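1. what follows is a predicted structure for the sequence shown.
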Amino acid sequence: MKIAVVGTGYVGLVTGTCFAETGNQVTCVDIDSRKVEKLNKGKLTIYEPGLDVIFERNTKEGRLKFTTNLAEGIKEAQVIFLALPTPPGEDGSADLKYILGVANDLGPILENYTVIIDKSTVPVGTAEKVHERIAKNAKVEFDVVSNPEFLREGVAVEDFMKPDRVVIGTKSEKAKRVMEKLYAPLVRQGNPIIFMDERSAEMTKYAANAFLAMKITFMNEIANLCEKTNANVDDIRRGIGTDSRIGKRFLFAGIGYGGSCFPKDVQALEKTASDYDYDFKILKSVMKVNEKQKTKLMPHLKKYFNGDLKGKTIALWGLAFKPHTDDIREAPALYNIKELRKAGAKVVVYDPEAMENVREVVGKKVKYAKNPYEALQGADALMIMTEWPEFRTPDFEKMEGTLKNKVIFDGRNLYELKDMKELGYTYFSIGRETAK
Ligand code: NAD
């Protein structure tokens, strides 16, 4: 099939590359000319495990191309994916300016029957709006389908190639057949393609993200209560996660969720609810709790240094909002850097993949270490913000004598309390007693 993908970010680039890998002819379009130039030179613009191999193969074999020109990119395409940003607007609703802007542009340039697919996360009713915009100027038949994306950054290629399910919202039989053909190679193991109407598909994506954000937040609240009642949240996680009705995943307490999706999607769903005069109380609480959770370790840190962080150097391990990605959007690390600097502390950071992105946002306000151990040299304390595997079993012998104080503030519960006690650390974590 000939496919165009408009928007070549985390979702668009993975979508385009994976569909090229299943034999389609794909052109990705982006307005960012620097991005397109880099991709055309064979260089990836994001870090995503496994993407490099299939990107190289498909660009070399001429199945994957990039352009800034929309008309050129969609020429002869049977399907056009919209993988455009939907950032929060001022009132918290998803800003549709990118999607509707491209929809306006598409109308006059469609040449044959085309299926236009909303892959972005968009509020209920967006497919209808996109349809209206295109219809204003279109001279050919077309369908607008909602096909929300559920990939997780860090395992995006695997998620895309072997999705748990594919959700497709359309009332058009013709579009349904095109979508079935497109996704057939990805659901060979029998995972379902779930068809529904456009509005339900749009809502499914928000319901999934809001539910997951709620699950994390629930566990964070249990953790906060554990700290007050002297219970251990890790034991509770194991105790409830083994219940098949609850499930093991998304039960790890920590310093809150971040990323480009959960915060904005929870907010946008709450806004949709309020637009429809529905008071979605759980979502309001989820947002409130998560906001506080992100800087939860700060009071412990301040107390440890008798309320004064001025001139103290704090080492930060982990900047990305989660491991295996370079994405720092809404990352708890950024909030903590801000708080630390506000309190007068100096900050030294290390992350295996996200340093360049942080440098673009924070610049010289923090120091950048070449490896985790360099970050600790002469620092007064260590804070852990992201659960990268390399932080899970560090060389504690090598760490000896680097930190001025043997104290760790761990926002991701990476270590066992008894090990920390044995190693002689004062160890603060989430939802567990402080090891001393
Ligand atoms: P992104 O910011 O990484 O990428 C969006 C791209 O669109 C950028 O490269 C930007 O330059 C480009 N763009 C903007 N306007 C354009 C235009 N007029 N024409 C062509 N290109 C244009 O965003 P993302 O993380 O890929 O997210 C895209 C959508 O997918 C969002 O709605 C998001 O909520 C949703 N989503 C994201 C994820 C994720 O993990 N990142 C997962 C599922 C769904």
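-> The structure has been received and is ready for your questions.
2. could you pull out the helices for the stretch 301-436 of the chain?
-> Counting by DSSP state H, counting those that start in this stretch, the segments of the stretch 301-436 of the chain that form helices are 332-342, 355-362, 372-376, 389-392, 396-399, 417-423.
3. which strands and helices sit next to the first one?
-> Contacting helix 332-342 under the criterion 3 or more CB pairs under 8 Å, 6 or more residues apart in numbering; DSSP states H and E are the following elements: helix 298-304, strand 313-317, strand 346-350, helix 355-362. All C-beta atoms are positioned from the backbone trio N, CA, C, and that covers glycine.
4. would you list the helices of the stretch 301-436 of the chain in a markdown table and tack on distance to the ligand?
-> What follows is the helices of the stretch 301-436 of the chain, written out as a markdown table (distance: least, CB to the nearest ligand atom, whole Å):
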| stretch | distance to the ligand |
| --- | --- |
| helix 332-342 | 17 |
| helix 355-362 | 11 |
| helix 372-376 | 26 |
| helix 389-392 | 20 |
| helix 396-399 | 33 |
| helix 417-423 | 33 |
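5. measure stretch 299-315 end to end?
-> Here the two ends of stretch 299-315 are set 17 Å apart, with distance taken as CA to CA, to the nearest Å.
6. check stretch 115-135 too.
-> Across stretch 115-135, the terminal residues are separated by 13 Å (CA to CA).
7. how far does that stretch sit from the chain's center?
-> Per CA atoms, centre = their mean, to the nearest Å, the displacement of stretch 115-135 from the mean C-alpha position of its chain is 22 Å.
8. need the residues of the stretch 1-150 of the chain near the ligand, please.
-> The interface of the stretch 1-150 of the chain toward the ligand, taken as CB under 6 Å from any ligand atom, is made up of 6-12, 29-32, 35, 83-86, 98, 101-102, 120-121, 149.
9. could you redo the last one with a cut-off of 8 Å?
-> Applying the criterion CB under 8 Å from any ligand atom, the portion of the stretch 1-150 of the chain that neighbours the ligand consists of 6-13, 29-32, 35, 45-46, 68, 70, 83-86, 94, 98, 101-102, 105, 119-122, 148-150.
10. and the strands in the stretch 51-200 of the chain?
-> Counting by DSSP state E, counting those that start in this stretch, the segments of the stretch 51-200 of the chain that form strands are 64-67, 79-82, 114-118, 142-146, 166-169, 193-196.
11. just checking, Val145 touches Arg177?
-> No - Val145 sits out of contact with Arg177 when judged by CB atoms under 8 Å, with a separation of 11.5 Å.
12. pick out whichever of those two has more residues nearby.
-> Neighbour tally, Val145 and Arg177, criterion other CB atoms under 10 Å: the higher count belongs to Val145, 24 against 11.
13. residues touching whatever residue of the stretch 151-300 of the chain ends up closest to the ligand, list them.
-> For the stretch 151-300 of the chain, the nearest residue to the ligand under the criterion CB to the nearest ligand atom is Glu153, separated by 4.4 Å. Under the criterion of CB atoms under 8 Å, 6 or more residues apart in numbering, the contact partners of Glu153 comprise Tyr10, Glu48, Gly259, Ser260, Lys322, His324, Thr325, Asp327.
14. farthest pair within those?
-> The widest separation within these, taken as CB to CB, falls between Ser260 and His324 and amounts to 14.8 Å.
15. let me know the average pLDDT across the lengthiest helix in the chain.
-> Taking DSSP state H as the assignment, the helix of the chain that covers the most residues is helix 198-229. Across helix 198-229, the average pLDDT comes to 98.
16. how close does the residue of the chain most remote from its centre get to the ligand?
-> Note on the chain: the largest separation between a C-alpha and the mean C-alpha position, by CA atoms, centre = their mean, falls on Lys139 (37.8 Å). Relative to the ligand, Lys139 is positioned 22 Å away (CB to the nearest ligand atom, to the nearest Å).
17. what is the burial count for the closest residue in space to that residue that isn't next to it in sequence?
-> Of all residues not flanking Lys139 in the chain, Leu110 sits nearest, at 7.4 Å (CB to CB, 6 or more residues apart in numbering). Residues within reach of Leu110, counting by other CB under 10 Å, total 19.
18. is it true that Leu110 touches Asp143?
-> No - between Leu110 and Asp143 there is no contact, the gap being 11.3 Å when judged by CB under 8 Å.
19. what domains does the record give for the protein?
-> Structural domains of the chain, as assigned by automatic domain parsing, span the residue ranges 2-196, 205-293, 298-428.
20. so which residues on the stretch 151-300 of the chain come close to the ligand?
-> Going by CB under 8 Å from any ligand atom, the residues of the stretch 151-300 of the chain near the ligand are Leu151, Arg152, Glu153, Ala156, Lys205, Gly259, Ser260, Cys261, Lys264, Asp265.
21. which members of these occur in helices, if any?
-> Counting by DSSP H, the members of these that fall within helices are Ala156, Lys205, Lys264, Asp265.
22. closest approach to the ligand from this structure, which residue is it?
-> The shortest separation between the chain and the ligand is 1.7 Å, found at Gly9 (distances taken as CB to the nearest ligand atom).
23. list the contacts for that residue?
-> Taking CB under 8 Å, 6+ apart as the criterion, Gly9 is in contact with Asp30, Ile46, Ala83, Pro85.
24. report the two of the residues you listed separated the most.
-> Maximum pairwise distance among these (CB to CB): 13.9 Å, between Ile46 and Pro85.
25. now the helices for the stretch 1-150 of the chain?
-> Residue ranges of the helices in the stretch 1-150 of the chain, as given by DSSP H, counting those that start in this stretch, are 10-21, 33-40, 51-60, 70-74, 97-109, 126-137.
26. between the fifth one and strand 142-146, how big is the angle?
-> Right, the one you point to is helix 97-109. 160 degrees (axes from the mean of the first three to the mean of the last three CA atoms, to 10 degrees).
27. list the buried residues for helix 97-109?
-> Across helix 97-109, burial judged by 16 or more other CB atoms under 10 Å covers Tyr98, Ile99, Leu100, Val102, Ala103, Asp105, Leu106, Gly107.
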